[in-house]
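*Asks:* I'll drop the sequence and a predicted model, then ask my questions.
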Amino acid sequence: MADHILVHNTGEVATLNYGKTGDPLRGAEMSDRDLLMIDNGTEILFSDGIVSKIESEGTLTSEWEGSSETQLVDARGMAIIPAFVDSHAHMVWAGDRSDEITMRAEGLDYSEISNLGGGIRKTVSQTRDATKDKLSELFVQRLRSAKTLGTARIECKSGYGLDVSNEIQALEVMGISNPPISIDRTWLGAHDIPHGVSRQRYLEELIDEQLPLVCELKLAEYVDVFCEPGWFTKEETMQICEASTERGLDVRLHVDEFQDGGGLRLATDLGAVSADHVAKSSMSDREYANENGTMQTFLPGTQYVLGNRLNLPLKECEERGLAFSMASDYNPNCPSLSIPFVGSLAVHRMGLDPLTALVSVTRNPGTTLSQNIEKHNGTIEIGRSSSILVLPS
């Protein structure tokens, strides 16, 4: 492989690198082409995977053309955008829940299906029955699928083990060497209460057994809790998150998916980097999160598969200048890794500007993950690793 890759003869380039790229874009910034785009005729030089130069057409080819250490890539006038950052995905599980489509068609909601033995607990049983080799095989297949669909970095959660050995195993599966795309790991032991275990006993296991092992073995960077009525209470969520932050994990939370339970405000008070779902959060809590640095991450694909109205307040958040992201929520109930589909729902069904949608699946989610320069963060900028997509334009 060449030490240098020079992409030239481009169409428009969406660098998305305006301002301090560790901070999200908000409001009018998200759709400002003058701030975020470069016109046709740009050259981008990658040196050992890091963007080293961005210049106008002809500037770099005259210097590097003919070099045995440089691979030239002719973009043939096509557009360049940053590859996607998927900041909410459940990637390690086995089994199938396609029967729940029929159950939803018969009028059952998510909670009712769960109470009948479906939902998370069904997948937990199937995942526990799978071998580690099988889970690893499925995990790599999913990573490759995500890459094919344009994703270069993905946050992956456990959560379908729900006991010490199976939660640890899921996080170990995610720790493969040389993955197809960059991975950020999240411990989601608090995804549900496992069948046959009391709430109090499982809470003790989470804090006293799972958490210490996760941290001792350095298996995750984040903790997550399904903080929703019927699952984990706000008080339980606080206990788990406070114990986790004491051990060095950052917080991400599932909140306000089915009703406004004050989860987004709790996430903000806990210093969460991201609060996800947020379909039912109040606008006052959205503003509070924005003021205090907690990203709200919408998951349109989940609303779609559940048959809910696609009325997430994306446009209102943009108009109010509130930071937000979108992600796939890949899981057994929403088995799609397609960030382009997520963007399409936002643009064609919820009226979002295409550039705003792009920012919300690249740069903005990238700000909720580590800013290691060797990891793609959803921008094209000098001095850091950036993965790009070349698109007909």
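*Replies:* Thanks, I have it.
*Asks:* Run through this protein and note the low-pLDDT ranges.
*Replies:* The chain contains residues with pLDDT under 70 at 1-2.
*Asks:* Nearest residue to the middle of it?
*Replies:* residue 87 (1.1 Å; Cα atoms, centre = their mean).
*Asks:* now the strands: where do they sit in the stretch 251-393 of the chain?
*Replies:* 274-277, 295-298, 324-326, 388-391 (DSSP state E, counting those that start in this stretch).
*Asks:* repeat for the stretch 1-150 of the chain
*Replies:* According to DSSP E, counting those that start in this stretch, the strands that the stretch 1-150 of the chain contains are 4-8, 13-14, 37-38, 42-47, 50-56, 70-74, 79-82, 84-90.
*Asks:* which residues are in contact with the third one?
*Replies:* It stands for strand 37-38. Strand 37-38 has contacts (Cβ atoms under 8 Å, 6 or more residues apart in numbering) with 12-15, 54, 355. Glycine gets a C-beta too; all of them are placed from N, C-alpha and C.
*Asks:* Just give me how far that strand sits from the chain centre.
*Replies:* 25 Å (Cα atoms, centre = their mean, to the nearest Å).
*Asks:* ok, longest strand in the protein?
*Replies:* strand 182-190 (DSSP state E).
*Asks:* Return the list of strands paired to that strand, each annotated with direction.
*Replies:* Here strand 182-190 has these sheet partners by DSSP bridges: strand 151-157 (parallel), strand 222-227 (parallel).
*Asks:* Minimum distance to residue 191: which of these has it?
*Replies:* strand 222-227 (5.2 Å; Cβ to Cβ).
*Asks:* Show me the domain layout of the chain.
*Replies:* Structural domains annotated on the chain: 4-83+378-391, 84-366, as defined by automatic domain parsing.
*Asks:* In a markdown table: those, plus distance to residue 372.
*Replies:* Below are these laid out as a markdown table (distance: least, Cβ to Cβ, whole Å):
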| stretch | distance to residue 372 |
| --- | --- |
| domain 4-83+378-391 | 8 |
| domain 84-366 | 9 |
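*Asks:* mind checking the longest helix of the protein?
*Replies:* Longest helix of the chain, by residue count under DSSP state H: helix 132-148.
*Asks:* follow-up on the earlier one: now for the residue nearest to the centre of the chain: which residues touch it?
*Replies:* Taking Cβ under 8 Å, 6+ apart, we find residue 87 in contact with 154-155, 274, 276, 297, 325, 327, 365-366, 368-369.
*Asks:* hmm, back to that, in the longest helix of the chain, what's buried?
*Replies:* 135-136, 138-139, 142-143, 146-147 (16 or more other Cβ atoms under 10 Å).
*Asks:* What of stretch 52-60?
*Replies:* Buried-residue list, stretch 52-60, by 16+ other Cβ under 10 Å: 53-55, 60.
*Asks:* ok, now stretch 79-96?
*Replies:* In stretch 79-96, counting by 16+ other Cβ under 10 Å, buried: 79-95.
*Asks:* Can you lay out the strands paired with strand 182-190 as CSV showing mean neighbour count and distance to residue 127?
*Replies:* CSV is the format used below for the strands paired with strand 182-190 (neighbours: other Cβ atoms under 10 Å; distance: least, Cβ to Cβ, whole Å):
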stretch, mean neighbour count, distance to residue 127
strand 151-157, 27, 13
strand 222-227, 27, 16
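*Asks:* mind putting these in TSV, distance to residue 169 included?
*Replies:* Formatted as TSV, those follow (distance: least, Cβ to Cβ, whole Å):
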stretch	distance to residue 169
strand 151-157	14
strand 222-227	17
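*Asks:* hang on, the earlier thing: tell me what the longest helix of the chain is packed against?
*Replies:* When contacts are defined as 3 or more Cβ pairs under 8 Å, 6 or more residues apart in numbering; DSSP states H and E, helix 132-148 sits against helix 164-174.
*Asks:* For the helix it packs on, C-alpha coordinates in CSV please.
*Replies:* The C-alpha coordinates for helix 164-174 follow below in CSV (Å, rounded to 0.1, in the frame of the first residue of the first chain):
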residue,chain,number,x,y,z
VAL,A,164,-21.4,-11.4,34.0
SER,A,165,-20.0,-14.0,31.6
ASN,A,166,-22.2,-13.1,28.6
GLU,A,167,-21.8,-9.3,29.0
ILE,A,168,-18.0,-9.7,29.2
GLN,A,169,-18.0,-12.1,26.2
ALA,A,170,-19.9,-9.6,24.1
LEU,A,171,-17.4,-6.8,24.8
GLU,A,172,-14.5,-9.2,24.2
VAL,A,173,-16.1,-10.0,20.8
MET,A,174,-16.0,-6.3,19.9
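*Asks:* From the contact counts, what lies against it?
*Replies:* By 3+ Cβ pairs under 8 Å, 6+ apart, helix 164-174 packs against helix 119-129, helix 132-148, strand 182-190, helix 211-216.
*Asks:* okay if I get these as a markdown table plus distance to residue 283?
*Replies:* A markdown table is the format used below for those (distance: least, Cβ to Cβ, whole Å):
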| stretch | distance to residue 283 |
| --- | --- |
| helix 119-129 | 29 |
| helix 132-148 | 32 |
| strand 182-190 | 27 |
| helix 211-216 | 34 |
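*Asks:* Show me the one of those that comes nearest residue 281.
*Replies:* Comparing the helices and strands packed on helix 164-174 under Cβ to Cβ, the one sitting nearest is strand 182-190, at 19.6 Å.
*Asks:* Please list the outside residues in contact with the closest one.
*Replies:* Contacts for strand 182-190 (Cβ under 8 Å, 6+ apart): 90, 143, 152-159, 161-162, 167, 171, 174-175, 206, 210-211, 214, 219-226, 232, 236-237, 240, 244, 249, 252, 369-370, 375-376.
*Asks:* How about residue 274: which residues does it bridge to?
*Replies:* residue 252, residue 295.
*Asks:* just residue 42 next, same as before
*Replies:* residue 56.
*Asks:* tally of neighbours for it?
*Replies:* By other Cβ atoms under 10 Å, 24 other residues sit near residue 42.
*Asks:* For it, give me its contacts.
*Replies:* Contacts of residue 42 were listed using Cβ under 8 Å, 6+ apart, and they are 10, 13, 54-57, 80.
*Asks:* Check those residues against residue 41 and report the nearest one.
*Replies:* So of these, ranked by how close each gets to residue 41 (Cβ to Cβ), first place is residue 57, at 3.7 Å.
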